[in-house]
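> A predicted structure for the sequence below; I have some questions about it.
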Amino acid sequence: GENVEQHPSTLSVQEGDSAVIKCTYSDSASNYFPWYKQELGKRPQLIIDIRSNVGEKKDQRIAVTLNKTAKHFSLHITETQPEDSAVYFCAASRGGTGGGNKLTFGTGTQLKVEL
Amino acid sequence: ETGVTQSPTHLIKTRGQQVTLRCSSQSGHNTVSWYQQALGQGPQFIFQYYREEENGRGNFPPRFSGLQFPNYSSELNVNALELDDSALYLCASSRNQETQYFGPGTRLLVL
């Protein structure tokens, strides 16, 4: 089955700096890669996703890049703010048009944005 | 916030008991997936229901079972509870197996 590895497990940045979180996956049939943000005691919240026919996607301060050949994808957050502090999870799926099938999650990255 | 709701929010059970957790999917969604999230870990896929039928199952024993109703809401049942079943149980709804949106979860503690 699919295996998703995520690094780093913790990341501390100064406000205004950029943060990068990296994930690798094992199943070459995976074609959908969402990123979720989870604040303490809250639900995972979808922040951005990318499909395998696209190499990069951007939404304001957040971007995701995908390298299908190397089987890795990354989350980039620019101009970090204290409210970006949370646990971030990457995931991979073989789902059809949108990846609604089984999501395999990484182990999470605790991002702390310091003032 | 998504339109996905779960009940109850918290639950305490003792080992050997049975529990039923409920999930109401977002309007227009016909697929519900259930995940178990242990403390400090990523969510682990339990199973998915699509149009009232099980559509994929993760590495969980048969004492984890589920159901989806005609209105696409869903239940997760766990029999013979074990201490290791203590976790946050999340459901996620989607439309035609597309992007998944999570509910707030049910925190289960097994004593």
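Done, it's in. All of these numbers come straight from a predicted model, not from anything done at the bench. Numbering: from 1, shown residues only, chains lettered A, B, ... in the order given.
> the closest residue to B:A38 other than its chain neighbours: what's it in contact with?
Closest residue to B:A38 apart from its sequence neighbours, by C-beta to C-beta, 6 or more residues apart in numbering or on different chains: B:A87 at 4.8 Å. Heads up, the C-betas are built off the backbone N, CA and C, glycines and all. Each residue near B:A87 by C-beta atoms under 8 Å, 6 or more residues apart in numbering or on different chains is listed here: B:36-39, B:107-108.
> in chain B, what helix or strand scores lowest on average pLDDT?
Taking mean pLDDT, DSSP states H and E as the measure, chain B has strand B:53-57 as its least confident helix or strand, at a mean of 88.
> show residues contacting that one.
With contacts defined as C-beta under 8 Å, 6+ apart, strand B:53-57 is touched by A:101-102, B:31, B:45-49, B:66, B:68, B:97.
> tell me which residues in it are buried?
Along strand B:53-57, these residues count as buried under the neighbour rule (16 or more other C-beta atoms under 10 Å in any protein chain shown): B:N55.
> just checking: what are the partner strands of that strand?
strand B:44-50 (antiparallel) (DSSP bridges).
> residues near residue 39, how many?
Using chain A here. Applying other C-beta atoms under 10 Å in any protein chain shown, we find 12 residues neighbouring A:E39.
> hm, I was asking about chain B
With other C-beta under 10 Å as criterion, B:L39 counts 8.
> now do the SS call for it.
Secondary structure assignment for B:L39 (DSSP: H, G, I helix; E, B strand; the rest coil): coil.
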